[in-house]
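> sequence and predicted structure, then a few things I'm wondering about:
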Amino acid sequence: MRRKLIPVAIAVVAVLALAAWALTRKREAPHFTGFVEGEERILRSEVTARALDVAFGEGAEVPAGAVVARLDTSEIDARIDSQRHELEVIDAEILAQGERVKLIESTWPRDVQARRADVEQAEAAARNAQSSFAREQNLARTGATTAQLVDDQRARNDQAQAALARARDVLARTQAEEANIALARRQFESQQRRRELAEAQLRELEVLRAKHEVRAPGVPTVVQTQLLWPGELAQPGTPILSVLDPRDKYVQIYVPVEDVQRVRVGRRVEIELDSLPGQRLAGEVSFVADQANFTPEKIETRRDRLGQVYRAKVRILEGADRMPPGTEGNVYLVGAEEKRA
């Protein structure tokens, strides 16, 4: 009788164990396997120059905004000095031209007034000479004067008329010099525009010189890889350092198609890494791919099978500095929604 009861007892125990395992499995929160990654930033050169110094090596902590590399500035310094000298020359030319404009503007009205006075004086002399010549002609008809006096008066009249013509010509030329004032002003304005252009070119050179100091991002980072050494030639786009913000990390997971509706951007999750067993840290889904792809061979989903999955990123909200990139672990879906399930 006892021998018959033993198989029954074993069967009952097996059923109870299976039921307990099923209940435990049912209570366990859904999770996905993933690994920690960081937002690596590559610091690159923007100019062509030889590296003089790379201040931080691999593993070094880099303060926010620190100068991580210095490039040779001898060439750009020479260009800046030349541009500054050109600005000094332009400034001297502008000063001289400005004085010239002031002089022309101040003397021209007085010159015109003086030439008009000369014309008026010449006109009066011409009228007087013409009247004297007419009187001598009348006296000559009556025999009251000599032919010599008439000839002398004719000569004086001709000289007076010629002097009047010259005075009028000088006045006309002086009045025409008003165009020189406009020309001098245009030259002055042209030199000012030339200076503005030269000054803009100097600012561009100074900005270019500032790029010979390669700076870190505005947050503290850690050097992952040094890619350029002193003495090497950097070109625009040449990588110098790769750095990582130790507080800006995420866990990359692959979500099966049937679970993708539960993994939404903004959803809070819990992260447990193999390097920190038993500790769950807060995380948040920050990205879910729009298109499905195939699971990489080295990544296992929670159903431990290959198939179409959606790549997702879970931002680590706390303790990110304690999670080195490459560490594997689980991302658990928790919350009211999962408790109801």
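Sure thing, it's come through. What you are looking at is a predicted structure, and each value in this text was computed from that prediction instead of being measured.
> work out the gap between stretch 222-233 and the centre of the chain.
Here the centre of stretch 222-233 is set off from its chain's centre by 25 Å, with C-alpha atoms, centre = their mean, to the nearest Å.
> export the host helix or strand of residue 37 as CSV, just CAs?
Using DSSP states H and E, residue 37 sits in strand 31-44. Taking C-alpha atoms only, strand 31-44 is exported to CSV below (Å, rounded to 0.1, in the frame of the first residue of the first chain):
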residue,chain,number,x,y,z
HIS,A,31,12.3,42.3,-19.0
PHE,A,32,14.7,42.6,-21.8
THR,A,33,18.4,41.9,-22.0
GLY,A,34,20.7,44.8,-23.1
PHE,A,35,24.1,46.4,-22.6
VAL,A,36,25.2,49.9,-21.4
GLU,A,37,26.4,52.3,-24.0
GLY,A,38,27.4,56.0,-23.9
GLU,A,39,27.0,59.0,-26.2
GLU,A,40,30.5,59.1,-27.4
ARG,A,41,31.6,62.5,-28.7
ILE,A,42,34.5,62.9,-31.2
LEU,A,43,36.5,66.1,-30.8
ARG,A,44,37.8,67.1,-34.2
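> for residue 337, report the pLDDT, please.
Per-residue confidence (pLDDT) for residue 337: 48.
> go on, residue 9?
Among the per-residue scores, residue 9 shows a pLDDT of 47.
> tell me which other helices or strands the strand holding residue 37 touches.
Applying 3 or more C-beta pairs under 8 Å, 6 or more residues apart in numbering; DSSP states H and E, one finds that strand 31-44 makes contact with strand 213-215, strand 239-256, strand 328-333. All C-beta atoms are positioned from the backbone trio N, CA, C, and that covers glycine.
> of these, which is nearest residue 318?
Among the helices and strands packed on strand 31-44, the nearest to residue 318 by C-beta to C-beta is strand 239-256 (9.7 Å).
> after the closest one, next one along is what?
Downstream of strand 239-256, the first helix or strand assigned by DSSP H and E is strand 268-273.
> circling back to that earlier point, so which of the helices and strands packed on strand 31-44 comes closest to residue 59?
Closest to residue 59 of those is strand 239-256 (C-beta to C-beta; 10.7 Å).
> tell me the centre residue of this structure?
The residue at the geometric middle of the chain, judged as the C-alpha nearest the mean C-alpha position with C-alpha atoms, centre = their mean, is residue 207 (9.0 Å).
> low-confidence ranges in the stretch 201-341 of the chain?
Within the stretch 201-341 of the chain, the set of residues satisfying pLDDT under 70 comprises 294-307, 335-341.
> try it again at 80.
Across the stretch 201-341 of the chain, the stretches falling below the confidence threshold (pLDDT under 80) are 292-308, 319, 321-324, 334-341.
> could you do the stretch 51-200 of the chain as well?
When residues are selected by pLDDT under 80, those of the stretch 51-200 of the chain lie in 105-106, 108, 140, 143-145, 150, 174-180.
> quick check: domain ranges of the chain?
Here the chain is described, according to automatic domain parsing, as comprising the domains 30-71+221-340, 76-209.
> hmm, back to that, if we look at whichever helix or strand comes after the strand holding residue 37, which residues are touching it?
Where DSSP H and E defines the elements, the next helix or strand beyond strand 31-44 is strand 49-54. Applying C-beta atoms under 8 Å, 6 or more residues apart in numbering, the contact partners of strand 49-54 are 68-73, 75-76, 212, 226, 228-234, 240-241.
> what comes up buried for strand 49-54?
By 16 or more other C-beta atoms under 10 Å, the buried positions in strand 49-54 come out as 49, 51, 54.
> bridged to the second one, which residues?
Same thing as residue 51. Partner residues in beta bridges with residue 51, using DSSP bridges, are residue 71.
> now it: how far from residue 251?
36 Å (C-beta to C-beta, to the nearest Å).
> phi and psi next, for residue 209.
Backbone dihedrals for residue 209, given as degrees, to the nearest 10, come out at phi -60, psi -40.
> how close does it sit to residue 46?
When C-beta to C-beta is applied, the distance between residue 209 and residue 46 equals 11 Å.
> go on, residue 63?
Taking C-beta to C-beta as the criterion, residue 63 is separated from residue 46 by 21 Å.
> so these two - more neighbours on which side?
It is residue 46, of residue 63 and residue 46, that has more neighbours when counted by other C-beta atoms under 10 Å, with 16 against 12.
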